[in-house]
Every structure is written in structure tokens, then in C-alpha cells.
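> how would this look folded up:
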Amino acid sequence: MRLAASLIIVSSMMLVGASANALERFAGIEDGSDANLKAVCKDYMINSFLKNDPDLFFHLLPKSMKKMEAMLEKDWPEGHLKRFGAEPLTEYDFFVMDDEFRESIYKGHPVKSISIKYQAGIMKRYRGSSCSFEQFEDKRWYLAQKP
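Residues are numbered from 1 along each chain as shown. Sure, this is the predicted structure:
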């Protein structure tokens, strides 16, 4: 009986812990250092964009995008299929990220952008894009554009 009770308690704790680790949507990130934004960009490009998992994407979106949440969720899988194909992917055939960020201001908000080039799946050639992060009034950094 004690073993069953212990298993129930441990299982409940694991469920609570798992849900606590889920990424909050439209939360952004606090650390806007170049090293952290570069790591977040790489994490997004590999674990969200390439592997077709929108959790990090929604976490990095600003609250102003909440009204478009349903449309973005609907369009996410279609965009992935169109770009990469139906085969599950775990790595890029080609991925390069610049060393330095470009800094600018948009509507009074600091913006940091870093260029990337990538190729995977059914892509015939590499594609150039960038990870751009914008700092809002809450001092958190959000995706300014989807790579």
C-alpha cells in the first residue's frame, strides 16, 4: 500500500514538474547578451524550426502577436512541409551563422539581428535569413521576425 501511495505521489510530482517546464507563450527572454541571443537563435533554428516544434517560436513571440496565435498554429505545419518536406529532420545539410550581431532601433526599441544560411530536407539550395530580436518596454527580448 505504501509503495502504491509513493508511486502516485512521485507520478503526480513528475506531471507537475513537466508542466512547469513547458515554455510559456509570448514570454520572450530576459538575457539579451549576444552570446545568449546567438544560442537562442541556434536552438530555435534546430529544435523548433527544423524539427517542426513550434513551442520555442511561440515563447519568443511578443504579446502583440497573441491575436494571431490561431492562424500561426494553423500555418506552422504547412510552412514546414513546404520548406523541408515530409521526412522528419534532425540536422541541417548546411548551417552557418555570422559571428557578429547588427544593432539597430525600430520604433524606439533596440533590435539585434544575426544572419544565417541554411539548407535541409528537400531544399535545392541554401537559404539566407536572420534571427532578429527586439527588446520591448518590459526589458525582455522577442523575435522581431521569423527566420
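> what's the weakest-modelled helix or strand in the protein?
Ranked by mean pLDDT, DSSP states H and E, the weakest helix or strand in the chain is helix 2-21, scoring a mean of 37.
> helix or strand right after that helix?
Downstream of helix 2-21, the next assigned helix or strand under DSSP states H and E is helix 34-43.
> who are the packing partners of that next one?
The contact analysis (3 or more C-beta pairs under 8 Å, 6 or more residues apart in numbering; DSSP states H and E) places helix 34-43 against strand 94-97, strand 109-119, strand 127-135. C-beta coordinates here come from the backbone N, C-alpha and C atoms, glycine included.
> mean confidence for that helix?
Per-residue pLDDT values over helix 34-43 give a mean of 96.
> now swap in stretch 65-74 and tell me
For stretch 65-74, the per-residue pLDDT averages 93.
> before we move on, what about stretch 99-115?
On average, stretch 99-115 scores 96.
> surely Gly28 and Leu60 touch.
Yes. Here Gly28 reaches Leu60: they are 6.3 Å apart, a contact under C-beta atoms under 8 Å.
> which residues are in contact with each of the two?
Residues within reach of Gly28 and of Leu60 at once, by C-beta atoms under 8 Å, 6 or more residues apart in numbering, are Tyr142.
> when those two are compared, which one has more neighbours?
Leu60 (27 against 21; other C-beta atoms under 10 Å).
> mind checking how far that one is from Met97?
16 Å (C-beta to C-beta, to the nearest Å).
> Ile29 now?
With C-beta to C-beta as the criterion, Ile29 and Met97 are 17 Å apart.
> cool, and Leu56?
Applying C-beta to C-beta to Leu56 and Met97 gives a distance of 16 Å.
> same check, this time on Arg140
Plainly put, Arg140 is 22 Å away from Met97 if you go by C-beta to C-beta.
> settle it for me: which of these two has more neighbours?
More crowded of Arg140 and Met97, by other C-beta under 10 Å: Arg140, with 19 against 15.
> residues contacting the residue nearest to that one when sequence neighbours are not counted?
Excluding the flanking residues, the one nearest Arg140 by C-beta to C-beta, 6 or more residues apart in numbering is Gly28, at 3.6 Å. Neighbouring residues of Gly28 by C-beta under 8 Å, 6+ apart: His59, Leu60, Pro62, Phe136, Asp138, Arg140, Trp141, Tyr142.
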